[in-house]
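K.L.:
Sequence and predicted structure, then a few things I'm wondering about:
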Amino acid sequence: MNEHEEAFARRFVAPDRRSRYVTLLSSKRGRQKVVANLPHFGDLDFRFAIEVTNETRSEIRKLLLEKGAPKTCYVMSGDTEWDGMEISFEDALNEVAFHSEGTLMSFIPGKLAYFELEGLESASS
């Protein structure tokens, strides 16, 4: 299992659903189910989220950098072009953010992520 995906499940998923997501992410078929559900993900633990609804790309960039985002991030997404890739911070914001609903960009495993749900974006830390 990928370190970023496991940390996402253990930290940012609602406590009563965490073990289920860890189990799902440990198999290829289970991971496919999780990824397919990302646009409508209903099990996010909002205690660790900051909702960003009207922020611009530059404001999100600033927020993530202030929280310690490194130069790269891991992407988990229903968009197969990006899913499972480690990409640069700038590519994540310019190419993936605002383009791929149901996308998790994990910057620091279990500590800092940016997640786009259908109609809702969240920066988690």
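P.N.:
Here it is on my side, so go on.

K.L.:
which residues in the protein form strands?
P.N.:
49-52, 72-77, 86-88, 103-108, 112-117, 120-124 (DSSP state E).

K.L.:
And the helices in this protein?
P.N.:
Here the chain has its helices, by DSSP state H, at 3-11, 18-25, 28-37, 57-66, 89-91.

K.L.:
out of these, nearest to A97?
P.N.:
Closest of the helices of the chain to A97 is helix 57-66, at 6.5 Å (criterion: CB to CB). C-beta here means a position set from N, CA and C on the backbone, and glycine is covered the same way.

K.L.:
so where's the chain shaky on pLDDT?
P.N.:
Flagging of the chain using pLDDT under 70 yields the residue ranges 100, 119-125.

K.L.:
Next one: the residue nearest the centre of the chain relative to D79, how far apart?
P.N.:
Nearest to the geometric centre of the chain sits L104, at 2.0 Å (CA atoms, centre = their mean). Distance of L104 to D79, given as CB to CB, to the nearest Å: 11 Å.
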